[in-house]
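Participant: Predicted model follows, preceded by the sequence.
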Amino acid sequence: GGLISSTLLTLLLVPTLYAMVELRKERRAKKKAAKRAAKAGVPDQPKPEETREAEPAQA
């Protein structure tokens, strides 16, 4: 039981919790930056998303 539970803890739980904490930190930073920009009177300008996919090579 101990080996299986420690493996699950190490390989699944820890990376999942880390990803959740990092995502929350990024969201807070974005929110804080948006508040600062709004307070300074700078209009919110979303960055253009690069959704264009690479074209396949023609042979």
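Facilitator: Ah, there it is.
Participant: what helix or strand is the most centrally placed residue in the chain on?
Facilitator: The centroid of the chain falls nearest to Leu23 when counting by Cα atoms, centre = their mean (4.7 Å). According to DSSP states H and E, Leu23 maps onto helix 14-40.
Participant: Pro56 too?
Facilitator: Assigned by DSSP H and E, Pro56 falls within no helix or strand.
Participant: any idea how far it is from Ser6?
Facilitator: Pro56 is 46 Å from Ser6, where distance means Cβ to Cβ, to the nearest Å. In short, each C-beta sits where N, CA and C put it, glycine included.
Participant: more crowded one of the two?
Facilitator: Neighbour count, other Cβ atoms under 10 Å: between Pro56 and Ser6, Ser6 has more, with 10 against 6.
Participant: Which phi and psi values does the more buried one adopt?
Facilitator: With angles defined as degrees, to the nearest 10, Ser6 sits at phi -70, psi -30.
Participant: can you tell me which residues contact it?
Facilitator: With contact set as Cβ atoms under 8 Å, 6 or more residues apart in numbering, Ser6 has no partners.
Participant: Please spell out which residues along the helix holding Leu23 are buried.
Facilitator: Within helix 14-40, no residue is scored as buried using 16 or more other Cβ atoms under 10 Å.
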